[in-house]
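Chemist: missing the sequence, but the structure's below:
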């Protein structure tokens, strides 16, 4: 395998062998180690010393189902700490097949220019891309696929990343028609913009396969793994994920009183039935849109959808739970078509829908626009793409919007907006938000799935649950697995060990895997510590400890002493 | 002596005896101890748990010359750490005479209302003040003095504080015509606004004097102290401070290449001769304005001026060096009349001219307005008072402006904008900015005066110099002395010891005074540590370590290892 180092100040891309210390790492694990080894933790995240890393998980390219996620990592300009954010699409699989352990983007271009990195097999070159300046991610992807091949992978930023906005994510294409996958969180689109990189295009590798140390072991295990998913009643073709996508949980989250509503002032949204996954499915099927498509080649869950408008025109694929919560209920928008329009615009500008939904909620609370008024909210959001001052305020996310607009109720931890679970009624997620080196991030350890084992309104067991989930998340994010694909490897970690040994021949045991997972968190926590982040910086916002949340009228009351000891047994 | 506790949620003001732990404290020392004892360091600075403290120094009310400053303290919403900011005017002397050790404002009003605290002798009451909403500090002071007496002291916020802007300071009146003194730094005007307190009015105490433990010792020492100042060639009536005010150093700072110019991109301003104190004096005297007036009763230095326009109408009093640097040279404005107009508007809105000048510099760099174009810059600044979104961006200071406008060159430390000395060519001030618990603040330890002893471009000796100056500043800010009044007490600390013993009879030695001074810094550093602030948070911005500053082409290169050990011998 090899690394691709891209120096944006010298405009050079060069291959190098993978240093031995990085050999047994991939995805989030590689990002954690690389940032710790290679960048000064206190550096300016939007300066030349930060690096932007694109890396598949350890399973990338091997053809394991649901394991082709692309991890993007950097010091986050939003949180000031380490950030790994991942997305589906074809990039993870493609990089794996090409034997590219990581693309590491370093330094920054001279003021104002934009470039394109084009990777074809063993060649990589930087090309001027000023013609793409100001384009959204849809137009960027389309134009580059027209120019360089319909089946190439395009990773790009929209206007938000060009404008260095902290709500900017990175978009990556998938199989035909699956244009929009987003490594959305932590403002890494701004890092890409700051480096002067508008897009990366990777030609589809033809006839490339990765070498296997023990092909038989790998094939056997990967097949067993896929079969277990197909057999899982929740994940198979009759499972709720496949039928309704991630939106399948809207009703349950609303019922538990945790659905962000009206800038996190209630956990219950009256119009939530309109937003449910069941309704989404019905709407899409009636209009001959698509349900059960895939974000990654070969995924057996296929939870993706293609939303279409009432004329059958595709609007956005895929509409997800977090988006429905943050730009739907959180803005008191109870109409999926409206959510789809906001979703499309965020995708096109290259904005994180979570961060942006939270910022828009604050704008509503400040009275700039009214909750529930889609047209006005759309018009406000459109300013992000224009780069007006108000657009820049929204595009910079919840904390900046709260600061500028004088709003104290900002649902964020470590500078990053909370996803679609209010921590006052799903306290396990509160513990994750308040301890994860990634800031408020459900993918770092989501307690929703364990709501029947650990009372989401209680304190007991949350700390232990969060740690367990955070360790699992570290494994998933480092191997390229989707969160939904976790049940088989949780039930039997030997599956993961055997797949890795089958590919790499490392002779790992379950203990090795356990150490690997924990090292991810240890390295991330150490990076953040060196960056000057302390427990006080991770706290749940004060108002959420004091302002009870309807309908359960609970506050977030897990004591700091519990939070401060989550990683004691790491 | 007594404390006045003002609860803004219950709308009650009550007197209480001074707890013994606060007895030997005043000004900045009292603020440090009180914040450490009474508020949770990680609390939301714009939430109910923060407190806002008004306190005279230990010499306040005793009639010592140049010792009547009012300290205002709080957790700063701008820096996230402890903040003490002080101002001249009559408040310090008045509170001292009334035997009021401190006014402690707690909790916050129900949404939106504004109140006025009126203190007359032993009575204190909160009165509705919604009629003052939206008024600038000039109109607020005028209206309250019309209503309650021309000789009462008015402490107030302008629109910036009402809007909770992080650049908001607190204004306090002085003797007749000396309306505008500003405890400007750290965004404490926003804390006052957040509490719902528009103003404090203190009636002039009649016939009140403080009791003296040893009146003879006090009188003798205070007289000797005053005489030493009068005899000091720099401070007496032929001294540069009296003749030219703080603007007397414009030429010297420009000459040493440290005068912020064009958003801190040069240390040398071509038109600086137009901004010199000598020119200011000439301009004012030609127009029959005033030179050599006082900000505090009885001050023998009298460095204040009253700027008038070309018709003789008073514009602003007093125009100071930091304002000239930040809204003058930093914006490439080389005309004192233009600076005066910007100064007036900042004063009226209740904005820190340093923070606002830095934010405006960033707006210029972002291309919103042109450097040097006073009319456009004034028009932009006027939006702060209107509370437009752009006005809020500017009013929230340099870091927010840089973030929103996508500008990396933000001259700030710990969230607070730098005053008028670029740390690349006055490295001692860089050390102070990068270590003081107060963030970038020249009054915390200004190395300018020592430029002939320690080479401002070198590294050697800066660390020791900064610590020495920071300890002295802690003493000045805790006793109510003006920075300019320090030479006699530095030359002979026994003067300070004897004045304090004369008033209080504590029997202090110089060692006690030394411990007292150091305790201020120790308490502040401990508060910040508990608030989650680490050495990484105090760093000089990365670009100032890499981008050489004309004309010396030096960068800030004092190693972190030096910065991290400044307080080793504290």
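Modeler: Sure thing, it's come through. Not measured: the values here are computed from a predicted model. Numbers count the residues shown, from 1 in each chain, chains lettered A, B, ... in the order given.
Chemist: hey, where'd the helices end up in the stretch 401-550 of chain A?
Modeler: For the stretch 401-550 of chain A, the helices defined by DSSP state H, counting those that start in this stretch cover A:427-433, A:462-479, A:486-491, A:494-504, A:510-530, A:542-546.
Chemist: Mean neighbour count, those: which tops it?
Modeler: Among the helices of the stretch 401-550 of chain A, ranked by average contacts under mean count of other Cβ atoms under 10 Å in any protein chain shown, first place goes to helix A:427-433 (a mean of 30). (Glycine included, C-beta is placed from N, CA and C.)
Chemist: contact partners of that helix?
Modeler: Contacting residues not belonging to helix A:427-433 are listed as A:413, A:418, A:421, A:423-424, A:439-442, A:444-448, A:450, A:454, A:456-459, A:462-463, A:465-466, A:469-470, A:540, A:544, A:556-558, A:562-563, A:566 [Cβ atoms under 8 Å, 6 or more residues apart in numbering or on different chains].
Chemist: Among those residues, name the buried ones.
Modeler: If you count burial by 16 or more other Cβ atoms under 10 Å in any protein chain shown, the buried members of the contacts of helix A:427-433 come out as A:413, A:418, A:421, A:423-424, A:439-442, A:444-448, A:450, A:454, A:456-457, A:462-463, A:465-466, A:469-470, A:540, A:544, A:556-558, A:562-563, A:566.
Chemist: Close to chain B: what parts of chain A are there?
Modeler: Neighbours of chain B within chain A, by Cβ under 8 Å from any Cβ of the partner chain: A:41-44, A:46-47, A:49, A:163-166, A:368, A:389-390, A:392-393, A:396, A:400, A:403-406, A:408, A:530-537, A:539, A:541-543.
Chemist: Among those, name the ones in strands.
Modeler: Among those, DSSP state E puts none in strands.
Chemist: pLDDT on stretch A:557-566, on average?
Modeler: Averaged across stretch A:557-566, the pLDDT comes to 97.
Chemist: My error: substitute stretch A:411-422 in the last question.
Modeler: The model assigns stretch A:411-422 a mean pLDDT of 98.
Chemist: Look at it and report the distance between its end residues.
Modeler: Taking Cα to Cα, to the nearest Å, the first and last residues of stretch A:411-422 lie 9 Å apart.
Chemist: for stretch A:111-124, same thing?
Modeler: End-to-end distance for stretch A:111-124: 23 Å, by Cα to Cα.
Chemist: Centre of the chain to stretch A:504-520, how far?
Modeler: 24 Å (Cα atoms, centre = their mean, to the nearest Å).
Chemist: Not counting it itself, show me its contacts.
Modeler: For stretch A:504-520, contacts defined as Cβ under 8 Å, 6+ apart pick out A:24, A:28-29, A:32, A:58, A:213-214, A:471-472, A:474-475, A:477-478, A:493-494, A:496-497, A:500-501, A:570.
Chemist: quick one, what contacts the closest residue to chain B within the stretch 151-300 of chain A?
Modeler: Nearest residue of the stretch 151-300 of chain A to chain B, counting by Cβ to the nearest Cβ: residue A:164, 4.3 Å away. Contacts for residue A:164 (Cβ under 8 Å, 6+ apart) come out as A:46, A:77, A:190, A:193-194, B:406.
Chemist: go again using 7 Å as the cut-off
Modeler: A:46, A:190, A:193-194, B:406 (Cβ atoms under 7 Å, 6 or more residues apart in numbering or on different chains).
Chemist: Show me the shaky parts of chain A.
Modeler: Scanning chain A for pLDDT under 70 picks out nothing.
Chemist: Kindly report the domain assignment for it.
Modeler: As assigned by automatic domain parsing, chain A contains the domains A:2-202, A:225-569.
Chemist: That'll do, ta.
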